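**Student:** Build the 3D model from these lines:
(4 chains)
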Number of protein chains: 2
Amino acid sequence: MSGDRRVRRTRRLIQEALVALILEKGYDAVTVSDIVDRADVGRSTFYAHFTDKQDVLFSTMRDLAFLHPVPAAGSAELFAFSRPMFEHVREQERLVRALMGRRGGGLVHARGERLLSALVRNELVAAGARSSPALDLLVACVVGAFMGLLRAWVDGETTASPAELDAAFRAAVEPGVRAALALPAS
Amino acid sequence: MSGDRRVRRTRRLIQEALVALILEKGYDAVTVSDIVDRADVGRSTFYAHFTDKQDVLFSTMRDLAFLHPVPAAGSAELFAFSRPMFEHVREQERLVRALMGRRGGGLVHARGERLLSALVRNELVAAGARSSPALDLLVACVVGAFMGLLRAWVDGETTASPAELDAAFRAAVEPGVRAALALPAS
DNA sequence: CCGTTTCCGAACATGGTGTCCCGTGTCGAA
DNA sequence: TTCGACACGGGACACCATGTTCGGAAACGG
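**Tutor:** The predicted structure is shown next:
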């Protein structure tokens, strides 16, 4: 493993403390003093590892594997990312709820949206769509629908399974996308 | 008009200052001192009218007419709210950009999402959908698509006109919704 | 014109932030 | 096992933003 054992321990304690505190009070309400207190770590130690609260959030975010999905090479299926993502989200339920929900402060949500937009855009282009302002609007809709579904689950507004979420996403979005692809492709 | 002229003046100055500052620095970075400074108003005066920064935001939000759309009585058309909303948004461009964009801190965005969810849900039920968990998922998708589009425009990712945004929204979402309505309605 | 309301400005307590330093303890490599 | 390097704790610090209080001055509406 890389580096000093103490370093790994400290960083882990701080990250876990932040996640726990977000779930309790919401990101905005959490202070560095809270984190330091909960992690049982000296204040100066905190600033030796992270620049601020947001830095801890981002460092934890990088461990969220589902934000960096496999490119899903040459799959004919549209939106192949959907099902695996919903499942991965359920596996890391606690972490994802803390980071992506309303309590997470929106920062992670925004980042996820950007990553997903690139992904969807590439898929649509690969499926025959031409780059155009209209395509960007379509991407915004598709990503919005997915993120809306994800947020509903994360915030506990639904108890649907990954399979059901995936099905709902496809049912809502695929007909419109296929119709949009048919015309400009011809 | 209601109340003292000084009161109206002060409240207006503070609200305008916050909007201007959000557009410059983003909601989170704005301090009460900033607002008081920009509005050229005494600090104690600020707290005589508002409890905190968020209170100013919410009071301004109440003036956003498009968040309280007309019920659009008995229109056969699906998602009749879409076009008027996009147009109203363009009219109040500056205000909406400040409140609903990434710089707005997400609070207004969240509130709009909730209001819109109720609206969409009612429309779908009126169109023959049964209340069910599946319907809630569909609503989440539709609202997500709309908000995604709105956010893209607000954040300057597109320069599309209200008519184009409306068309993109309907094209992406209507086919899926109609398909979903057909089965459980039978 | 006068009583009432609002405004201002300054001061204050509180609490979070980020930095610094030094004594102590732990690590890993030689 | 020893030793140099590094991490940790904890306290003190300056800084800034928050929200409250007060008395005198100014503007309001009737």
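**Student:** what does chain A put close to chain B?
**Tutor:** Contact residues (Cβ under 8 Å from any Cβ of the partner chain) of chain A with chain B: A:102, A:105-106, A:110, A:113, A:133-134, A:136-138, A:140-149, A:151-152, A:157-160, A:164-165, A:168-169, A:171-180. C-beta coordinates here come from the backbone N, C-alpha and C atoms, glycine included.
**Student:** and the residue nearest to A:His49 when sequence neighbours are not counted, which of the three is it?
**Tutor:** Ranked by Cβ to Cβ, 6 or more residues apart in numbering or on different chains and with sequence neighbours excluded, the top spatial neighbour of A:His49 is A:Arg11, at 5.6 Å. Following DSSP: H, G, I helix; E, B strand; the rest coil, we place A:Arg11 in the helix state.
**Student:** doesn't A:Phe46 make contact with A:Arg11?
**Tutor:** No: at 10.1 Å, A:Arg11 and A:Phe46 do not qualify as touching, with contact defined as Cβ atoms under 8 Å.
**Student:** out of these two, which sits in the busier spot?
**Tutor:** When neighbours are counted by other Cβ atoms under 10 Å in any protein chain shown, A:Arg11 and A:Phe46 differ, and A:Phe46 comes out ahead with 22 against 18.
**Student:** how about the more buried one, secondary structure?
**Tutor:** helix.
**Student:** Mind pulling the model confidence for it?
**Tutor:** Note for A:Phe46: predicted pLDDT of 98.
**Student:** Also A:Ala140?
**Tutor:** On the pLDDT scale, A:Ala140 gets 98.
**Student:** Look at it and say how many residues are nearby.
**Tutor:** 30.
**Student:** surely it meets B:Leu149?
**Tutor:** Yes: here A:Ala140 reaches B:Leu149: they are 5.1 Å apart, a contact under Cβ under 8 Å.
**Student:** pLDDT score for the residue nearest the centre of chain A?
**Tutor:** The centroid of chain A falls nearest to A:Gly112 when counting by Cα atoms, centre = their mean (4.4 Å). A:Gly112 carries a pLDDT score of 89 in this model.
**Student:** Can you give me the buried ones in the strand or helix carrying A:Arg97?
**Tutor:** Using DSSP states H and E, the element containing A:Arg97 is helix A:93-100. Residues of helix A:93-100 classed as buried by neighbour count (16 or more other Cβ atoms under 10 Å in any protein chain shown): A:Leu95, A:Val96, A:Arg97, A:Ala98, A:Leu99, A:Met100.
**Student:** now stretch A:153-173
**Tutor:** So for stretch A:153-173, counting by 16+ other Cβ under 10 Å, buried means A:153-154, A:158, A:160, A:162, A:164-173.
**Student:** try stretch A:116-132
**Tutor:** By 16+ other Cβ under 10 Å, the buried positions in stretch A:116-132 come out as A:Leu116, A:Ser117, A:Leu119, A:Val120, A:Arg121, A:Glu123, A:Leu124, A:Ala129.
**Student:** Switch those residues over to a markdown table; also include pLDDT, distance to B:Ser82 and secondary structure.
**Tutor:** Listed next are the buried residues of stretch A:116-132 as a markdown table, based on pLDDT from 0 to 100; distance: Cβ to Cβ, whole Å; DSSP: H, G, I helix; E, B strand; the rest coil:
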| residue | pLDDT | distance to B:Ser82 | secondary structure |
| --- | --- | --- | --- |
| A:Leu116 | 94 | 23 | helix |
| A:Ser117 | 96 | 21 | helix |
| A:Leu119 | 94 | 26 | helix |
| A:Val120 | 95 | 21 | helix |
| A:Arg121 | 95 | 23 | helix |
| A:Glu123 | 93 | 25 | helix |
| A:Leu124 | 94 | 22 | helix |
| A:Ala129 | 93 | 23 | coil |
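**Student:** Which elements pack onto the helix or strand containing A:Val142?
**Tutor:** Using DSSP H and E, the element containing A:Val142 is helix A:133-154. Helices and strands touching helix A:133-154, as assessed by 3 or more Cβ pairs under 8 Å, 6 or more residues apart in numbering or on different chains; DSSP states H and E, comprise helix A:82-91, helix A:93-100, helix A:107-126, helix A:162-185, helix B:133-154, helix B:162-185.
**Student:** So which of the ones you listed is nearest DNA strand C?
**Tutor:** helix A:107-126 (14.8 Å; Cβ to the nearest atom of the strand).
**Student:** Show me what that closest one is packed up against.
**Tutor:** Short answer (3+ Cβ pairs under 8 Å, 6+ apart): helix A:107-126 packs on helix A:53-61, helix A:93-100, helix A:133-154.
**Student:** between those, which gets nearest to DNA strand D?
**Tutor:** Short answer: helix A:53-61, nearest of the helices and strands packed on helix A:107-126 by Cβ to the nearest atom of the strand, at 13.8 Å.
**Student:** for the closest one, the distance to its chain's centre please.
**Tutor:** Counting by Cα atoms, centre = their mean, to the nearest Å, helix A:53-61 is centred 13 Å from the centre of its parent chain.
**Student:** Correct me if wrong: A:Ile22 contacts A:Gly104.
**Tutor:** Yes: with contact defined as Cβ under 8 Å, A:Ile22 and A:Gly104 form a contacting pair (6.3 Å).
**Student:** Perfect, that will be all.
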